[in-house]
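Student: following is a predicted model, sequence given first.
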Amino acid sequence: MTGSVGGPADGPPRVVIVGGGMAGLAAAWELERWSRTGEVVVDLFEAMPRVGGPVVTDLTSGFALEGGPDSFLTTKPDLVGLVEELGLADSLIGVRETARGALIFRAGRLHRIPPLIGVGFWSAARSIRSTTLLSRAGKLRVALGVLLVRLRPIRTDDGIPLGPQLRSRFGHEAVDWLFEPFLAGVHSTPIDVLSPSAVAPLLPARWTAAAARPLPAGGAPPGRSRSVAGATGRRPPLFASLREGMESLPRRLSESLRGTRVHLGTRAVALEREGSSYRLRLEDGRSVGADGVVLAVSGPDAARLLGAAGPADATRALDEVPRTPTVVVGLVVRREDVPIPLTGTGVLVPPRTGLPIAAITWLSSKWDRPDPGDGRVALRAFLRPIDPREAAPPSDSEAVELAREGLRHVMGIEAPPTHCVVFAHSRAIPWYEIGHAARVERARRALAAWPRVELAGNTYDGIGLPDVVGSGRAAARRLAAAFGKVPPRS
Ligand SMILES: Cc1cc2nc3c(=O)[nH]c(=O)nc-3n(C[C@H](O)[C@H](O)[C@H](O)COP(=O)(O)OP(=O)(O)OC[C@H]3O[C@@H](n4cnc5c(N)ncnc54)[C@H](O)[C@@H]3O)c2cc1C
């Protein structure tokens with residue numbers, strides 16, 4: 001040990017947070033009421049030179065080119081509440097009136113997505129009858145499925161993956177061309193291994209055998225919006241973004257942390273038990289003592305930090321959660337080079353097309369933010385996720401070529417972009433494979449042997465930003481409670 005970070009062990013409780021993504025930042029924010037007064041000492045360590053993880057926006061073209069999330073659901077209260085607390089409610093923007101709905105690419109054409117989920121029986125039946133996406137036989141099979149799913153609801157207990165359950169009710173065509181691309185827009189996990197409990201809140205309640213598993217540590221059920229209407233007099237849009245780009249959120253959050261010492265470019269390499277407390281070892285040779293720890297990193301990263309000395313069952317379970325490298329290519333093109341009308345939010349590209357992209361977001365048509373007004377439009381292509389156990393992600397130049405190949409096929413764009421940026425997120429998104437919930441529970445149960453070590457982030461209770469923020473805040477609240485600190489009731 002060549003040095004140490006932090007104060008004496010007999011002072012106020014010391015908390016270390018590993019990871020400066022949205023989960024780690026949210027945990028630090030939750031502890032601010034005590035860290036600002038010195039009642040708790042908080043250090044946050046982030047390996048990268050910036051906070052936010054995949055929440056990144058390129059503004060250099062005059063557009064907000066999102067490299068990670070471009071939106072979040074406001075019916076889950078944790079993130080919209082945080083936006084309000086940070087004074088960002090006035091920056092909330094919604095989808096343009098003119099850009100309702102996404103399209104699906106099949107057989108060389110773009111098709112409107114028939115609303116099946118979240119609408120009544122007759123609306124679903126009408127939309128299926130009129131859709132151009134499915135063949136006549138496929139439509140009949142879906143109509144039968146709408147009845148079948150009432151008789152044999154989908155099991156959400158994690159016993160059978162979602163794909164086979166949907167296939168046996170709605171047929172292969174609807175799963176391959178409708179359900180898979182729709183759900184892949186939320187989760188990268190292939191539908192035939194996807195855990196139904198992970199997406200149960202997205203399915204109509206009348207389709208499922210059991211109520212959705214309650215999201216444990218902080219995930220909140222949809223529908224209980226803590227609206228920002230109180231602060232701004234306006235209801236937030238259902239899907240919201242931020243006018244200055246999504247990266248403005250982690251940036252504002254980290255600037256607002258006045259009681260937390262944020263150490264950027266500082267990688268943690270091991271967490272060790274030291275009597276009844278802990279010691280976090282850093283890559284630069286320093287170490288820091290801690291009475292409480294939030295591991296706001298991926299499952300495998302948490303397993304590495306716990307190492308051989310950690311609770312074996314916890315490290316095994318955490319290490320088992322596969323993660324997908326995700327590559328997003330942001331492009332600015334001349335409007336005159338786009339041969340189709342941009343009247344939706346974007347296009348989903350099913351795996352069955354064999355194309356190398358999974359989706360295209362029509363960023364400048366989708367979001368209600370000022371346009372540079374110079375005849376250019378902003379798009380972004382998601383490359384198709386690759387099985388992390390089978391292949392390495394493409395290089396930047398390969399990624400651009402793959403994105404352009406996708407744009408050529410799906411939108412007929414031949415001309416080169418005027419601006420292009422590649423966002424490569426190594427192992428950014430966990431796969432919620434069948435058995436995920438049990439694996440997480442096993443890890444948490446085993447980790448209870450190390451009291452006051454909390455797990456937070458997108459590996460556990462949902463990958464969406466509201467879930468992630470909720471998990472960070474909940475982890476911090478559990479630690480605070482362990483130190484006898486209880487927030488005042490609001
Ligand atoms: C391309 C893409 C699009 C997405 N779109 C959406 C969307 O539209 N809406 C939505 O709600 N969600 C979306 N998501 C999901 C959401 O962005 C993520 O789930 C969320 O940002 C993850 O936050 P996190 O804090 O759990 O993890 P991360 O942000 O990955 O944070 C973990 C941090 O820990 C750091 N770290 C790792 N190991 C160490 C170590 N040993 N020492 C110190 N630091 C370490 C990492 O550098 C990283 O910064 C998207 C994700 C991606 C990748």
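Tutor: Yes, it's here. Numbering: from 1, shown residues only.

Student: spell out which residues of this protein are next to the ligand.
Tutor: For the chain, the residues in contact with the ligand (C-beta under 6 Å from any ligand atom) are 18-24, 45-48, 53-55, 68-72, 267-268, 296-297, 301, 326, 328, 425, 428-429, 457-458, 463-465, 468. C-beta here means a position set from N, CA and C on the backbone, and glycine is covered the same way.

Student: for the longest helix seen in the chain, buried residues please.
Tutor: Among the segments of the chain that qualify as a helix by DSSP state H, the longest is helix 465-482. Judged by neighbour count using 16 or more other C-beta atoms under 10 Å, the buried positions of helix 465-482 are 465-480.

Student: same thing with stretch 411-425?
Tutor: Quick answer for stretch 411-425 (16+ other C-beta under 10 Å): 411, 413, 417, 419, 420, 421, 422, 423, 424, 425.

Student: likewise for stretch 426-438?
Tutor: Applying 16+ other C-beta under 10 Å to stretch 426-438 flags 427, 428, 429, 430, 431, 432, 433, 434, 435, 436, 437 as buried.

Student: regarding the nearest residue to residue 352 once chain neighbours are set aside, what is its secondary structure?
Tutor: Distance criterion C-beta to C-beta, 6 or more residues apart in numbering; nearest residue to residue 352, sequence neighbours excluded, is residue 176 at 4.8 Å. Following DSSP: H, G, I helix; E, B strand; the rest coil, the label given to residue 176 is helix.

Student: neighbours around residue 176, how many?
Tutor: By other C-beta atoms under 10 Å, 19 other residues sit near residue 176.

Student: residue 350 versus that one, what's the distance?
Tutor: 6 Å (C-beta to C-beta, to the nearest Å).

Student: tell me how many other residues crowd residue 126.
Tutor: Count around residue 126 with other C-beta under 10 Å applied: 14.

Student: for the helix or strand that contains it, list every residue counted as buried.
Tutor: Remark: residue 126 resides in helix 121-130, with elements defined by DSSP states H and E. By 16+ other C-beta under 10 Å, the buried positions in helix 121-130 come out as 124, 125, 127, 128.

Student: just flag the most distant two among these.
Tutor: With C-beta to C-beta as the measure, no two of the buried residues of helix 121-130 lie farther apart than 125 and 127, at 7.5 Å.

Student: all helices for the stretch 251-400 of the chain, in order.
Tutor: 299-306, 312-319, 363-366, 396-411 (DSSP state H, counting those that start in this stretch).

Student: and those as JSON lines, adding distance to residue 208 and mean pLDDT?
Tutor: Output for the helices of the stretch 251-400 of the chain, formatted as JSON lines (distance: least, C-beta to C-beta, whole Å; pLDDT from 0 to 100):
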{"stretch": "helix 299-306", "distance to residue 208": "26", "mean pLDDT": "96"}
{"stretch": "helix 312-319", "distance to residue 208": "26", "mean pLDDT": "94"}
{"stretch": "helix 363-366", "distance to residue 208": "30", "mean pLDDT": "95"}
{"stretch": "helix 396-411", "distance to residue 208": "33", "mean pLDDT": "97"}
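
Student: tabulate the ones you listed in a markdown table, adding columns for distance to residue 343.
Tutor: Formatted as a markdown table, the helices of the stretch 251-400 of the chain follow (distance: least, C-beta to C-beta, whole Å):
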| stretch | distance to residue 343 |
| --- | --- |
| helix 299-306 | 40 |
| helix 312-319 | 44 |
| helix 363-366 | 7 |
| helix 396-411 | 13 |
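
Student: care to break this structure down by domain?
Tutor: For the chain, the structural domains run 4-53+247-321+433-482, 57-97+323-430, 113-207, going by automatic domain parsing.

Student: just name the most buried of those domains.
Tutor: domain 4-53+247-321+433-482 (a mean of 21; mean count of other C-beta atoms under 10 Å).

Student: what residue ranges in this structure score low on pLDDT?
Tutor: Within the chain, the segments meeting pLDDT under 70 span 1-9, 117-121, 184-185, 210-234, 387-390, 489-490.

Student: sorry, back to before: which of the buried residues of stretch 426-438 sits closest to residue 104?
Tutor: Nearest to residue 104 among those: residue 429, at 21.3 Å, using C-beta to C-beta.

Student: wait, residue 163 sits on residue 187?
Tutor: No: using C-beta atoms under 8 Å as the test, residue 163 is too far from residue 187 to be in contact (11.8 Å).
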